[in-house]
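Enquirer: Sequence first, predicted coordinates after that:
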Amino acid sequence: MGGDHGPAATLAACRAFLERHPEASLLLVGAPAALSGFSHARARLIPASEVVAMDDPIEVALRRKKDSSMRVAIQQVKDGAASAAVSAGNTGALMAIARYLLKTLDGIDRPAIAPQLPNARGGATTVLDLGANVDCDAEDLLQFAVLGSALVSALTGNESPTVGLLNIGEEAIKGSETIKQAGQLLRAAAASQDLNFYGNVEGNDIFKGTTDIVVCDGFVGNVALKASEGVAAMIVEFLRAEYSRGVMGKVAAVVSYPVLKALKVRLDHRRYNGAALLGLRGLVFKSHGSADAMAFGHALDRAYDAARNNLIERVQARIARAAPLLARREAVPPAETPALHV
């Protein structure tokens with residue numbers, strides 16, 4: 001029911017999803033009148049009398065709208081009726097309801113939003129957190145690294161994905177005290193072989209594909225996400241405008257069309273839609289609010305892949321391996337800043 005387009009986009013995506021995955025089934029949660037036109041042998045309608053609006057405060061979504069489609073959908077995961085929940089609705093409300101109903105895994109204080117962004121290597125970089133937690137301490141960043149490693153391992157089969165810590169420079173002496181302390185924790189995790197920590201990375205490394213995973217706080221991560229979407233749209237529009245000018249522009253457009261088409265596909269953020277809310281005792285995926293049917297379909301695919309690859313069990317196993325490190329984290333002293341010599 002959520003997102004900018006509501007059932008017009010989500011129902012079309014659901015029908016295409018069922019065609020792609022003949023072994024899967026769906027529970028469609030929402031207002032019966034809005035969903036009544038959808039019929040499929042492997043889909044069942046679950047009624048909900050309320051909808052969380054995109055501008056609803058978290059308090060309203062969590063305490064007052066107890067029969068919202070968002071809450072009823074997540075309840076299906078809690079009850080074991082569904083393997084995962086996917087929503088394009090209010091992000092803050094989704095996180096609050098999911099955390100309230102499902103609770104966090106042992107050893108994890110805060111869930112994180114973990115989408116994937118395209119990189120120059122032809123794959124995608126998993127970045128977390130991208131908006132769930134604005135203020136994070138060093139321990140949160142360590143937990144994000146553990147969660148991200150489990151996600152990438154489950155979805156790609158890479159059991160030792162590389163982790164980068166987003167910073168203003170590669171040197172260990174740079175960054176805030178929080179970043180320096182996080183670097184200490186991550187290096188300790190690498191020394192005990194709990195994580196494959198690469199080191200500090202900068203913003204451009206996300207799109208270079210320098211590491212498989214980049215950890216950061218939610219404020220910085222969300223800015224990086226929105227900036228990347230804006231730049232991608234600007235590049236595509238610029239090329240389209242340049243190639244439409246005059247006869248030579250049209251000739252250039254014909255010659256370069258295959259390259260331009262490939263670039264457009266590569267930069268299309270819809271292909272990377274669907275971010276896991278990691279750290280919960282159940283699978284919840286957040287779709288972009290502006291998602292069309294194609295984008296929402298990718299979010300469904302990501303949730304499906306996570307469920308069939310036992311993401312929750314993999315996260316729990318990796319947390320268990322890192323438990324001694326997580327237990328020692330409060331004993332790590334503040335990072336020391338080396339003396340500067342001129």
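Expert: Sure, I can see it. Numbering: from 1, shown residues only.
Enquirer: helices and strands of the chain: which one has the lowest mean pLDDT?
Expert: Lowest on mean pLDDT, DSSP states H and E among the helices and strands of the chain sits helix 246-267, with a mean of 64.
Enquirer: Which elements pack onto the next helix or strand after it?
Expert: Counting by DSSP states H and E, the next helix or strand C-terminal to helix 246-267 is strand 275-278. The contact analysis (3 or more CB pairs under 8 Å, 6 or more residues apart in numbering; DSSP states H and E) places strand 275-278 against helix 91-102, strand 112-114, helix 138-156, strand 283-286, helix 293-308. To be clear about C-beta, it is placed using only N, CA and C from the backbone, and glycine gets the same treatment.
Enquirer: In JSON lines, list those along with mean pLDDT, mean neighbour count and distance to Ala188.
Expert: Shown next, in JSON lines, are the helices and strands packed on strand 275-278 (pLDDT from 0 to 100; neighbours: other CB atoms under 10 Å; distance: least, CB to CB, whole Å):
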{"stretch": "helix 91-102", "mean pLDDT": "94", "mean neighbour count": "22", "distance to Ala188": "28"}
{"stretch": "strand 112-114", "mean pLDDT": "91", "mean neighbour count": "28", "distance to Ala188": "20"}
{"stretch": "helix 138-156", "mean pLDDT": "89", "mean neighbour count": "25", "distance to Ala188": "9"}
{"stretch": "strand 283-286", "mean pLDDT": "96", "mean neighbour count": "27", "distance to Ala188": "30"}
{"stretch": "helix 293-308", "mean pLDDT": "94", "mean neighbour count": "21", "distance to Ala188": "28"}
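Enquirer: so who does His21 touch?
Expert: Neighbouring residues of His21 by CB atoms under 8 Å, 6 or more residues apart in numbering: Tyr304.
Enquirer: got it, and the one 5 residues further on?
Expert: By CB under 8 Å, 6+ apart, the contact set of Leu26 is 14, 17-18, 40, 42-44.
Enquirer: Would you mind measuring from it to Ser49?
Expert: The gap separating Leu26 from Ser49 is 20 Å, by CB to CB, to the nearest Å.
Enquirer: Now stretch 23-43 - C-alpha only, CSV.
Expert: Only the C-alpha atoms of stretch 23-43 are listed here, as CSV (Å, rounded to 0.1, in the frame of the first residue of the first chain):
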residue,chain,number,x,y,z
GLU,A,23,8.1,-22.0,-6.4
ALA,A,24,7.3,-18.8,-4.5
SER,A,25,4.1,-17.5,-3.0
LEU,A,26,3.0,-14.1,-1.8
LEU,A,27,0.8,-12.6,1.0
LEU,A,28,-0.5,-9.3,-0.2
VAL,A,29,-1.4,-7.1,2.8
GLY,A,30,-3.6,-4.1,2.5
ALA,A,31,-7.1,-2.6,2.0
PRO,A,32,-9.3,-5.3,0.4
ALA,A,33,-10.8,-2.8,-2.0
ALA,A,34,-7.4,-1.9,-3.4
LEU,A,35,-6.2,-5.5,-3.7
SER,A,36,-9.5,-7.2,-4.9
GLY,A,37,-8.5,-7.1,-8.5
PHE,A,38,-5.4,-9.3,-8.0
SER,A,39,-5.9,-13.0,-8.3
HIS,A,40,-3.3,-15.7,-8.5
ALA,A,41,-3.1,-19.3,-7.3
ARG,A,42,0.1,-18.6,-5.3
ALA,A,43,-1.1,-15.3,-3.8
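Enquirer: buried sites along it?
Expert: If you call a residue buried by 16 or more other CB atoms under 10 Å, then stretch 23-43 has these buried ones: 24, 26, 28-31, 34-35, 38, 43.
Enquirer: average model confidence for that stretch?
Expert: For stretch 23-43, mean pLDDT rounds to 95.
Enquirer: Among the helices and strands packed on strand 275-278, which comes closest to Leu186?
Expert: Nearest to Leu186 among those is helix 138-156 (6.0 Å), distances taken as CB to CB.
Enquirer: could you point out which element follows the closest one?
Expert: Note on helix 138-156: by DSSP H and E, the next helix or strand toward the C-terminus is strand 162-166.
Enquirer: contact partners of that following strand?
Expert: Residues from elsewhere that reach strand 162-166 (CB under 8 Å, 6+ apart): 141, 145, 148-149, 179, 182-183, 186, 195-203, 205-206, 210-216, 220-221, 224.
Enquirer: let's see 7 Å
Expert: 141, 145, 148-149, 179, 182-183, 186, 195-201, 203, 205, 210-216, 220 (CB atoms under 7 Å, 6 or more residues apart in numbering).
Enquirer: Understood, closing this out.
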